Structures are given as C-alpha cells and as structure tokens.
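1. generate coordinates for the sequence data below:
(one chain, ligands or ions: 2)
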Amino acid sequence: MNPKKKSVLVVGGAGYIGSHMVRQLVEAKWNVVILDNLSTGSRQLVHGGQLVQGRLGDVGLLDQLFSDHDVAAVMHFAAFSQVGESVDQPLKYYRNNLAETINLLDAMVRHRVLRFIFSSTAAVYGEPEAIPITENHPRQPTNPYGNTKLAVERMLADCDAAFGLKYAALRYFNAAGADPSGEIGEMHDPETHLIPIVLKAASGHINNIQVFGTDYPTTDGTCIRDYVHVNDLAQAHLLALNALFDGGASAVYNLGSSSGYSVKEVIRIAERVTGKKIPVVEGPRRLGDPAVLVASSEKIKNRLGWVPVYDDLEKIIRTAWNWHLKQIS
Ligand SMILES: NC(=O)c1ccc[n+]([C@@H]2O[C@H](COP(=O)([O-])OP(=O)(O)OC[C@H]3O[C@@H](n4cnc5c(N)ncnc54)[C@H](O)[C@@H]3O)[C@@H](O)[C@H]2O)c1
Ligand SMILES: O=c1ccn([C@@H]2O[C@H](COP(=O)(O)OP(=O)(O)O[C@H]3O[C@H](CO)[C@@H](O)[C@H](O)[C@H]3O)[C@@H](O)[C@H]2O)c(=O)[nH]1
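-> Ligands and ions are numbered 1, 2, ... in the order given. The predicted model follows:
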C-alpha cells in the first residue's frame, strides 16, 4: 500500500499506543519517522522507524522534518492524557494538546501534507446519555483533557473546509494490553491506568489496588469501561490511513470492544490470568469518572471493515501480563 516508499510521521511514536502503531507501519512497509520529546514515552519502546527527539511546538524542527522527508501522512498520538491532572493543571493540557497541535497543522498546511490521523478519546462525550455510545452522541466533556481533544477535532473540521485537510479522528475507549512479542507495552511513570496497576499488585510490586468508588449505579457498584487491545487500535489506524489514500472523506470513528467490564471484574479476570490473589482496597470515587463508558464501534466496522482480533478481556490481560513479566524479570 506504499508504492512510492513515502513516510508516515508518527508524533508520539515513543509512547504506549504510538509504539504499537510504529511496529505495524513498519510491518506494512512504510518508512516511519517518529517525533517525540520523550516526556511520557521511552526510547525502549521504539523498535523501528527513525526517532527524532523534539517537541511539536518547535516550528523550525517541524519545517525541517517536512523538508527532509517525503511525508504522505501524519499520525498524532502526542498528548498529555491524565484526566485528574488536567483538572488541576488545565493550561498544561491546553498548551500541549491544543497549542502544539496548531503548530503541527500549520506546518502540514505549509508543506501541503494533507492527511492526518488523530488520537481522540471517549472523554469527548462526557457523562453518557445512552449506552452504547455512538459517534453522534452529544459531546460534552467533563474535564479539560476532553475539552482539548474536542477542540482539536473542531479545528480539524475547520482545516478540512479551509485547506482540504483530510483526517480521521479516532475516539479510543480504554486502550489495554501489549504486543504479544512482549517487546513493547504500557510503561508510564507514574502509572494511572487500571490494568497495569492491577498487574503490579498481582506481582507484589505494589501492596494493593485501590478501587475508586463502589457506589456507582452498576451491578457491583464499580465503574464499567470498554477495554480495547492496543494492536486492534493500531490496525484501525492502518485502515483509516488506507481510506484516506483511497480518497476517502474525513471521518470520526469510535474504537472500542463494545463490551463493558467493571473494575471488580477486571480484577477477577486478572486473578485468573496471573494465578495470584490481588489485594484490593475500596476507596472513594475519583473525580470526573463516568459510571459507564461502552462504545458502539459499528461505524468503523461497517465502513472500513475493522475486525478486532482481541474479543475478550482475558486475552487482552494475558498480553499485558506477558509484558509485565518481561519487565520485571
Ligand atoms: N491510553 C488510553 O487509554 C487512551 C485512550 C483514549 C485516547 N488516548 C490518546 O492516545 C494518545 C496516546 O496515548 P498513550 O496512552 O500512548 O500515551 P503516552 O503518554 O504513552 O504517549 C504519548 C507520547 O507523546 C509524547 N509527547 C507528548 N507531548 C509531546 C510533544 N509536545 N511533543 C512531542 N512528543 C510529545 C510523549 O513523550 C509520549 O511518547 C494520546 O493522545 C491520548 O490522549 C489514549
Ligand atoms: O488505581 C485505579 C485506577 C483506575 N481505577 C478505575 O478504573 C477505571 C479505568 O481507569 P483508567 O485505567 O485510569 O482509565 P480511564 O480513566 O477510564 O481513562 C482512559 O480511557 C479514556 C477513554 O475511556 C481515555 O480518555 C483516557 O485517556 C484513558 O486514560 C476507572 O473507573 C477508574 O476509576 C481504579 O479503580 N483504581
């Protein structure tokens, strides 16, 4: 699918999801250039592609990258993504997620690179009015992180109208799991995501997992989320990229497994996968957490033929555990 050996610029390609994307792009024979400032990513996750260390806000660097490489499309994973932190430090989020993205789009328009794939999020919906959530569900983010992602989506629509920028905004639900090779996986410091924390508790690296809230209006009182394997996410990006090369229009797609699991269910499944008892402490709710987030991903399945390979959470957690064991060995 890349006859001219053009490049894809992957911004944030040294991060969790970006590194899985780079791997699939390399396998699909793309030249890959990665721009990452390693603020939350790591060189250890880069297996292939050419890493340029720098930040999106560096206009000179962006000009140089677009001049030096024959970039056919940009995939943009770079952002801060901790909901709680965004509430306390909103400007940090607007600066990194929105202002820096303006620089990127500006440089793309200057260099006539007009294909873009954006990491959006379920956080653009806010508190759901109906489950499963479809793409036309009202967008009412409940935190600055979601606001920055929605602002970028709106900016993309305006850039399509003004400059013909064609984009796919992919609204991920909860990314989870790791490449089965065990060479790349989730690696954040501090870690805030449920599954890696649960696995740390299973291996005894932390004393317990704290469950944030047991009084939600769900069957067992804990929050329900839709966990989608990181390689299935990356696969969806490849489909979206090919659709843009085929002349497809700009589009917005949800990416989820369409199944919901409560926090307690996640812990039970992790106990099964790891064979360990996981100590649990019940704590208060975390600010800004909706009770239930489950996607409808019918749109991307119907339009682009996306078929997620990891169809249940046990398989997903098994890949995360494989990665975790390699990290601690
Ligand atoms: N992990 C999830 O469950 C999830 C869910 C929905 C959306 N998302 C979105 O997906 C994207 C990737 O998430 P992730 O979990 O892989 O995060 P991550 O923190 O692992 O990766 C982000 C990468 O971007 C880099 N980066 C950040 N700001 C930068 C800048 N200004 N210039 C250059 N590089 C910069 C970081 O160093 C890191 O390598 C983010 O945009 C996030 O908002 C993630
Ligand atoms: O130590 C922990 C960590 C998390 N949780 C709960 O586990 C669930 C999942 O939390 P987490 O893994 O932190 O993911 P989310 O907060 O759901 O957010 C992820 O998924 C969203 C989309 O659904 C994205 O927008 C975010 O970027 C991404 O981090 C939530 O109910 C949390 O309250 C706990 O109970 N204890």
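2. low-confidence ranges, this structure, go.
-> Scanning the chain for pLDDT under 70 picks out 1-4.
3. how about the residues of this structure by ligand 2?
-> Residues of the chain lying near ligand 2 by CB under 6 Å from any ligand atom: 81, 83, 121-123, 173-174, 192-194, 197, 209-212, 223, 225, 263, 286, 289, 293. The way it works is simple: take the backbone N, C-alpha and C, and place the C-beta from them, glycine included.
4. of these, buried ones?
-> Buried members of those, scored by 16 or more other CB atoms under 10 Å, are 81, 83, 121-123, 173-174, 193-194, 197, 209, 211-212, 223, 225, 263, 289, 293.
5. follow-up on the earlier one: which ones among the residues of the chain next to ligand 2 lie within strands?
-> Thr121, Asn174, Ile209, Gln210, Val211, Phe212, Arg225 (DSSP state E).
6. tell me how far the first one lies from Ala79.
-> Remark: distance between Thr121 and Ala79 (CB to CB, to the nearest Å) = 9 Å.
7. what residues are shared contacts of those two?
-> Shared contacts of Thr121 and Ala79 (CB atoms under 8 Å, 6 or more residues apart in numbering): Lys149.
8. packing partners for the helix or strand where Glu265 lies?
-> Glu265 belongs to helix 263-274 when assigned by DSSP states H and E. Counting contacts by 3 or more CB pairs under 8 Å, 6 or more residues apart in numbering; DSSP states H and E, helix 263-274 packs against helix 194-202, strand 209-212, helix 313-328.
9. among the ones you listed, which is nearest Arg43?
-> Proximity to Arg43 (CB to CB) singles out helix 313-328 among these, at 15.0 Å.
10. next, the angle from that closest one to helix 194-202.
-> 60 degrees (axes from the mean of the first three to the mean of the last three CA atoms, to 10 degrees).
11. OK, contacts around the closest residue to Val59 other than its chain neighbours?
-> Distances taken as CB to CB, 6 or more residues apart in numbering place Asn103 nearest to Val59, at 5.7 Å, with adjacent residues excluded. Asn103 is in contact with Leu56, Gly57, Asp58, Val59, Leu62, counting by CB under 8 Å, 6+ apart.
12. from Thr121, how far off is Gly57?
-> Per CB to CB, Gly57 is found 21 Å from Thr121.
13. again, but for Val281
-> Spatial separation of Val281 from Thr121 under the definition CB to CB is 28 Å.
14. could you do Pro217 as well?
-> Distance, Pro217 to Thr121, using CB to CB: 23 Å.
15. the closest residue to Ser262 other than its chain neighbours: neighbouring residues, count only.
-> Excluding the flanking residues, the one nearest Ser262 by CB to CB, 6+ apart is Thr222, at 4.5 Å. Neighbour count of Thr222, defined by other CB atoms under 10 Å: 22.
16. so which residues of this structure form strands?
-> Remark: strands assigned in the chain by DSSP E are 7-11, 31-36, 50-53, 71-76, 115-121, 166-172, 174-176, 209-212, 224-225, 227-229, 251-255, 261-262, 280-283.
17. dump the residue contacts of the closest residue in space to Ala72 that isn't next to it in sequence.
-> The shortest distance from Ala72 to any non-neighbouring residue, by CB to CB, 6+ apart, is to Lys6 (3.8 Å). Each residue near Lys6 by CB under 8 Å, 6+ apart is listed here: Trp30, Asn31, Asp70, Val71, Ala72.
18. with that, I have no additional questions.
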